[in-house]
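>>> I'd like to go over a predicted model; first the sequence, then the structure.
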Amino acid sequence: MTSRFKRRVESAAFFMRRAYSRVITAKPSMFVVAAVAVALCIFLLGGGVYDILEKPYIAIPLRGRWIFYYPYTVHEQTILDSLIAMTLYFIGVVGLLLMYQSTKYAYKPRQAFTWLLIGIVLIVIAYIYIEHTIWLKITAS
């Protein structure tokens, strides 16, 4: 082997060992771990696995037109249903976080009440819209 090629191989091996040790010893912050956990829960509860496995239709092309498919039973869903559910769950989680943040302002009652009220409103909005979408699916069949 030429010395130039040997040096590049050795430096690549050194780079790989160094990258491996950095990945192994990395300690992500609790915020990142919590955010990933919440995102995974929202994905699972919103029907992301169903969308990946079943590949439901959003719309069906027919003779130059798009026919939007809406399932007739509660046991079917479209990708739009999943995205709406995930968005509403995210709004609910944001509401819970705002309610939690309101406890940190114990010596500023007005600001604490404002955060608490906004959090409650977001949770109620998310709950009402989730129940409304379920009701629409039940009454459509």
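Cool, the structure landed.
>>> residues near the closest residue to residue 46 other than its chain neighbours, how many?
Leaving aside its sequence neighbours, residue 46 sits nearest to residue 86 (C-beta to C-beta, 6 or more residues apart in numbering; 3.4 Å). All C-beta atoms are positioned from the backbone trio N, CA, C, and that covers glycine. Applying other C-beta atoms under 10 Å, we find 19 other residues in the vicinity of residue 86.
>>> again with residue 115
Residue 115: 20 neighbours (other C-beta under 10 Å).
>>> could you check the pLDDT of it?
pLDDT for residue 115: 94.
>>> equivalent analysis for the one 5 residues further on, please.
You'll see residue 120 listed with a pLDDT of 97.
>>> pretty sure it sits in a strand.
No: Residue 120 is assigned helix when assessed by DSSP: H, G, I helix; E, B strand; the rest coil, not a strand.
>>> contacting residues around it?
95, 99 (C-beta atoms under 8 Å, 6 or more residues apart in numbering).
>>> for it, give its distance to residue 15.
For residue 120, the distance to residue 15 equals 52 Å [C-beta to C-beta, to the nearest Å].
>>> can I assume the residue nearest to residue 46 is in contact with residue 43?
Yes: with contact defined as C-beta atoms under 8 Å, residue 86 reaches residue 43; the gap is 6.8 Å.
>>> who touches stretch 36-47?
49, 77, 81-83, 85-86, 89-90, 93.
>>> distance to residue 128 added to these, as a markdown table?
Conversion of the contacts of stretch 36-47 to a markdown table gives the following (distance: C-beta to C-beta, whole Å):
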| residue | distance to residue 128 |
| --- | --- |
| 49 | 26 |
| 77 | 19 |
| 81 | 17 |
| 82 | 19 |
| 83 | 18 |
| 85 | 14 |
| 86 | 17 |
| 89 | 14 |
| 90 | 15 |
| 93 | 16 |
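>>> okay, buried residues for stretch 128-141 please.
Neighbour-count burial for stretch 128-141, counted by 16 or more other C-beta atoms under 10 Å, picks out 129-130, 137.
>>> alright, I will stop here.
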